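S.K.: Sequence plus the predicted model coming up.
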Amino acid sequence: MLIQDQIHPLTVTDFDGTLLLQLPARLSNYEAPLFTQVCQQLLQKRPSSKQIVMDCSQTSFLDRYGLDALVTNINLARQQGVALTLRNVHPAMRVVLSITGLEEVSAIEAVN
């Protein structure tokens, strides 16, 4: 499944109920609304999914809007009983997650 607006595609792949969401290179005020919208759609349209894995391998920039969107999506997933995992987190993004305490809130995987 490919979910996109005119400029920023977000690819979502379903692996037996585990959804893999490829995050964009930047998660800023421009990308954050689409990111939140896509997560809301996934949680509404796929209630049987128990895990969303966000591949952050291409995401090297995260501002406060992207961080807010990430927190919103983590909270939405928790409310639905869906585990949210961040995979391949870029070192710069990991620093932000560590400083804000999100590293403790969300599962983070390193997959090479």
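M.R.: Arrived safely.
S.K.: Could you list the low-pLDDT ranges of this structure?
M.R.: Within the chain, the stretches with pLDDT under 70 are 1-9, 47, 105, 110-112.
S.K.: Tell me which residue is most central in it.
M.R.: residue 54 (4.4 Å; Cα atoms, centre = their mean).
S.K.: Now do the helix ranked longest in the chain: which elements does it pack against?
M.R.: In the chain, with assignment by DSSP state H, the single longest helix is helix 64-80. Where contact means 3 or more Cβ pairs under 8 Å, 6 or more residues apart in numbering; DSSP states H and E, helix 64-80 is packed against strand 26-27, helix 32-45, strand 83-87, helix 102-105. (Each C-beta comes from the backbone N, C-alpha and C, glycine too.)
S.K.: and residue 59, which of the ones you listed is closest to it?
M.R.: In terms of Cβ to Cβ, the element of the helices and strands packed on helix 64-80 nearest to residue 59 is strand 26-27, at 5.6 Å.
S.K.: helices and strands around the closest one, which ones?
M.R.: Using 3+ Cβ pairs under 8 Å, 6+ apart as the test, strand 26-27 ends up in contact with strand 61-62, helix 64-80.
S.K.: Show me what the shortest one packs onto, helices and strands only.
M.R.: Counting contacts by 3+ Cβ pairs under 8 Å, 6+ apart, strand 61-62 packs against strand 26-27, helix 91-100.
S.K.: Using TSV, lay out these together with distance to residue 67 and mean neighbour count.
M.R.: Shown next, in TSV, are the helices and strands packed on strand 61-62 (distance: least, Cβ to Cβ, whole Å; neighbours: other Cβ atoms under 10 Å):
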stretch	distance to residue 67	mean neighbour count
strand 26-27	8	20
helix 91-100	6	15
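S.K.: Distance to residue 38 for these - can I get that in TSV?
M.R.: As requested, the helices and strands packed on strand 61-62 are exported to TSV (distance: least, Cβ to Cβ, whole Å):
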stretch	distance to residue 38
strand 26-27	12
helix 91-100	18
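S.K.: Good, wrapping up.
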